[in-house]
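Undergrad: build me a model:
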Amino acid sequence: MHIRLLFACAALAAPLAHAHVTLEQTSAAAGAYQKLTFRVGHGCKGSPTHTLTVTLPDGFNGAKPMPKTGWALATTSNQVTWKGGPLADAHYDEFVMQVKLPASVGKHYFKVAQLCEQGRLDWDALPDASGARLASPAPWIEIVPAAAGAPHH
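TA: Next up is the predicted model:
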């Protein structure tokens with residue numbers, strides 16, 4: 001009986017483990033042009049998403065977002081915003097852009113604001129030395145040194 005209860009709890013919690021905005025690409029070469037795919041797996045406590053704003057970390061330049069049918073685009077030097085939809089809570093979607101990556105290696109974090117018909121979620125929490133699990137983690141990419149002679153476009 002306890003085993004079945006444990007499995008039932010684990011099955012219910014599994015979707016929650018992936019219930020945040022993530023970045024498909026986990027690593028890329030320094031200085032390269034890179035496609036970045038932000039995955040949105042849910043709305044705000046059941047409410048549909050109508051706006052997604054991605055703030056680029058320092059050193060990420062030349063963002064070129066991919067248009068999405070039903071969504072308007074706005075860009076600044078360090079932000080890309082998709083507005084429209086709406087994306088129902090029960091659905092999943094991806095928001096894509098191309099950027100030039102910085103020369104600095106290491107993990108780089110993106111702050112993402114998800115606005116819904118009712119409420120918002122800010123995916124901006126950064127890890128600390130404690131290693132504690134974050135409730136609203138910022139998506140990240142690991143920039144690695146470019147291979148010698150590798151093209152940068």
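Undergrad: do I have it right that residue 79 meets residue 60?
TA: No - Residue 79 is beyond contact range of residue 60, at 10.7 Å (criterion: CB atoms under 8 Å). In this view, the C-beta of every residue, glycine as well, is placed from N, C-alpha and C.
Undergrad: more crowded one of these two?
TA: residue 60 (22 against 14; other CB atoms under 10 Å).
Undergrad: excluding its backbone neighbours, what's nearest the more buried one?
TA: residue 99 (4.9 Å; CB to CB, 6 or more residues apart in numbering).
Undergrad: okay, that neighbour: pLDDT?
TA: Looking at residue 99, its pLDDT is 97.
Undergrad: ok, now how distant is it from residue 39?
TA: Counting by CB to CB, to the nearest Å, the gap from residue 99 to residue 39 is 17 Å.
Undergrad: please tell me how far stretch 54-64 is from the chain's geometric centre.
TA: Put simply, stretch 54-64 sits 13 Å off its chain's centre (CA atoms, centre = their mean, to the nearest Å).
Undergrad: for that stretch, which positions count as buried?
TA: 54, 55, 56, 57, 60, 63 (16 or more other CB atoms under 10 Å).
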